[in-house]
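Engineer: what shape does this take:
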Amino acid sequence: MSRTLSTEMQAVATADVVRPIYLIKMEFDSGDVNLWSGIGSLTFGGDTYLGAGDLLSIGSVAESSDLSATGISINLAGIKQSLVNIARDEPYQGRNITLYLGALDDSGDIIANPVVMFNGFMDVMGISDSGETSNISITAENKLISFERTSVRRFTAEDQKIDYPNDKGFEYVAKIQEKEIVWGRQSNASINVGGGRPPRPPTNAR
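Structural biologist: Residues are numbered from 1 along each chain as shown. Next comes the predicted model:
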């Protein structure tokens with residue numbers, strides 16, 4: 001997949017010294033968890049990212065030409081209890097996760113507009129606790145996985161009200177399923193084709 005790089009990131013790609021970094025944004029209901037692959041705090045896009053250093057490892061990021069959904073794996077080692085509580089107690093499946101590839105300049109500041117390497121949904125989160133340290137492994141699915149899921153919807157009033165609570169257009173669907181509709185048959189009533197008054201029956205000649 002072709003990507004549009006900022007002028008600053010294009011300069012990084014051709015520089016003699018490159019200081020690449022990863023940034024991860026995980027969006028939970030109680031708030032975002034933002035981590036990056038360095039030390040200390042880093043501000044990007046109005047958010048503060050906490051440095052995880054070597055404790056953060058990211059699996060290979062693959063893409064295919066046929067738009068098939070490829071996921072990624074992320075591992076956090078030696079993490080603090082607050083992150084373990086989030087992984088254990090909060091609903092995470094289907095929540096957004098974004099992986100950025102950025103770089104630092106000579107002053108240690110982030111270069112403008114890191115590129116999005118992956119954007120998808122958190123799928124499985126496993127916790128390994130040895131008593132002294134805790135590890136969290138996260139697998140995430142690409143957003144293209146949505147195209148592989150079957151959309152199960154019904155032409156019923158209940159299903160229609162999921163999106164449009166006041167719509168009554170499907171309330172009589174069940175009643176007309178077995179209803180016989182007469183189409184093109186002549187009824188028992190006489191038909192007046194020409195309109196006007198029907199012709200009078202003949203009278204006996206005198």
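Engineer: phi, psi of residue 93?
Structural biologist: phi -60, psi 130 (degrees, to the nearest 10).
Engineer: in contact with residue 111, which residues?
Structural biologist: 6, 8-9, 12, 102-105 (Cβ atoms under 8 Å, 6 or more residues apart in numbering). In short, each C-beta sits where N, CA and C put it, glycine included.
Engineer: closest one of those to residue 40?
Structural biologist: Nearest to residue 40, judged by Cβ to Cβ, of the contacts of residue 111 is residue 104 at 11.5 Å.
Engineer: let me know the pLDDT of the closest one.
Structural biologist: The model reports residue 104 with a pLDDT of 87.
Engineer: chain neighbours aside, what residue packs nearest to the spatially most central residue of the chain?
Structural biologist: When Cα atoms, centre = their mean is applied to the chain, the residue found nearest the centroid is residue 143 (5.4 Å). Distances taken as Cβ to Cβ, 6 or more residues apart in numbering place residue 120 nearest to residue 143, at 5.2 Å, with adjacent residues excluded.
Engineer: what's the helix or strand for the one you found?
Structural biologist: Using DSSP states H and E, residue 120 maps to strand 115-129.
Engineer: put the alpha carbons of the helix or strand following that strand into PDB.
Structural biologist: Where DSSP H and E defines the elements, the next helix or strand beyond strand 115-129 is strand 134-142. Output of strand 134-142 as PDB, limited to C-alpha atoms (Å, rounded to 0.1, in the frame of the first residue of the first chain):
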ATOM      1  CA  SER A 134       3.600  -9.300  34.300                       C
ATOM      2  CA  ASN A 135       3.500  -9.600  30.500                       C
ATOM      3  CA  ILE A 136       0.700  -8.700  28.200                       C
ATOM      4  CA  SER A 137       0.400 -10.100  24.700                       C
ATOM      5  CA  ILE A 138      -2.000  -8.400  22.300                       C
ATOM      6  CA  THR A 139      -3.200  -9.600  18.900                       C
ATOM      7  CA  ALA A 140      -5.000  -7.100  16.700                       C
ATOM      8  CA  GLU A 141      -7.000  -7.600  13.500                       C
ATOM      9  CA  ASN A 142      -6.800  -5.300  10.500                       C
END
